[in-house]
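Colleague: Model the following, please.
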Amino acid sequence: MAVLVFLGTVVTHLFGGSAGREGTGVQIGASIAEGVSRVLKLDKFDTKIILVSGIGSGFASVFGTPLAGTLFGLEMNSIGTINYHALISCFTASMVGNMVTTSLGIHHSHYKILGIPEVNYIILIKIVVCAVIFGLTSRLFSRSIGILKSFLGKKLRAQF
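Modeller: Residues are numbered from 1 along each chain as shown. Below you'll find the predicted structure:
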């Protein structure tokens, strides 16, 4: 699967398509982790841990951010919760993924912050309002996924 994801991304870019880096990195990392899980014949619990680690490693290698890769991998497995059992392995995989990328001579994009805007009460109020809206939106999204999954599961089971 990792080869197909890579080739699909290359073809997409060659024909002018827009494909984000994180999706490709995460899918390749997860595909490799799933293959390793199959070769090692891991149980369901260990397979989840290695998948989380593969996702984190893929993210970290694409962006050069092992800590963000770790958090992304830990959150990707289950929406709204973090799998702390995979913390050490995911962090290790993210560090190794980043080190492999940099050892291959691949450099990540760095952006300069040219200035910091003035902080005043209006800006702080806007930030708080946005944070509340974004938090409620993410909670609604997480809950709706669970409700939709349950609803469709019942509907599809009734159909077949």
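
Colleague: quick one: least confident helix or strand in this structure?
Modeller: helix 2-14 (a mean of 79; mean pLDDT, DSSP states H and E).

Colleague: Please identify the buried residues of that one?
Modeller: 2, 5, 9 (16 or more other C-beta atoms under 10 Å). C-beta coordinates here come from the backbone N, C-alpha and C atoms, glycine included.

Colleague: Excluding chain neighbours, what is closest to the second one?
Modeller: In other words, residue 5. The shortest distance from residue 5 to any non-neighbouring residue, by C-beta to C-beta, 6 or more residues apart in numbering, is to residue 27 (4.5 Å).

Colleague: is it true that the one you found touches residue 3?
Modeller: No - contact criterion C-beta atoms under 8 Å: residue 27 and residue 3 do not qualify, at 11.2 Å.

Colleague: Need the pLDDT of the residue nearest to residue 5.
Modeller: Reading off the confidence values, residue 27 has pLDDT 85.

Colleague: could you say what helices and strands whichever strand or helix holds it packs with?
Modeller: Element membership for residue 27 (DSSP states H and E) is helix 21-40. In terms of contacts (3 or more C-beta pairs under 8 Å, 6 or more residues apart in numbering; DSSP states H and E), helix 21-40 is packed against helix 2-14, helix 44-63.

Colleague: tell me the angle that helix makes with helix 2-14.
Modeller: Orientation of helix 21-40 against helix 2-14 (axes from the mean of the first three to the mean of the last three C-alpha atoms, to 10 degrees) gives an angle of 160 degrees.

Colleague: For helix 21-40, what is the distance to the chain centroid?
Modeller: Mean-position distance between helix 21-40 and its chain equals 12 Å (C-alpha atoms, centre = their mean, to the nearest Å).

Colleague: now do stretch 45-61
Modeller: Here the centre of stretch 45-61 is set off from its chain's centre by 9 Å, with C-alpha atoms, centre = their mean.

Colleague: could you dump it to CSV, C-alpha only?
Modeller: Taking C-alpha atoms only, stretch 45-61 is exported to CSV below (Å, rounded to 0.1, in the frame of the first residue of the first chain):
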residue,chain,number,x,y,z
PHE,A,45,-3.6,-4.2,21.0
ASP,A,46,0.0,-4.2,19.7
THR,A,47,-1.2,-3.6,16.1
LYS,A,48,-2.9,-0.4,17.3
ILE,A,49,0.2,0.7,19.0
ILE,A,50,2.4,0.1,16.0
LEU,A,51,-0.1,1.9,13.7
VAL,A,52,-0.1,4.9,16.0
SER,A,53,3.7,4.9,15.9
GLY,A,54,3.7,4.6,12.1
ILE,A,55,1.3,7.5,11.8
GLY,A,56,3.3,9.7,14.1
SER,A,57,6.5,8.8,12.3
GLY,A,58,5.1,9.6,8.9
PHE,A,59,3.9,13.0,10.2
ALA,A,60,7.2,13.8,11.9
SER,A,61,9.3,12.9,8.9
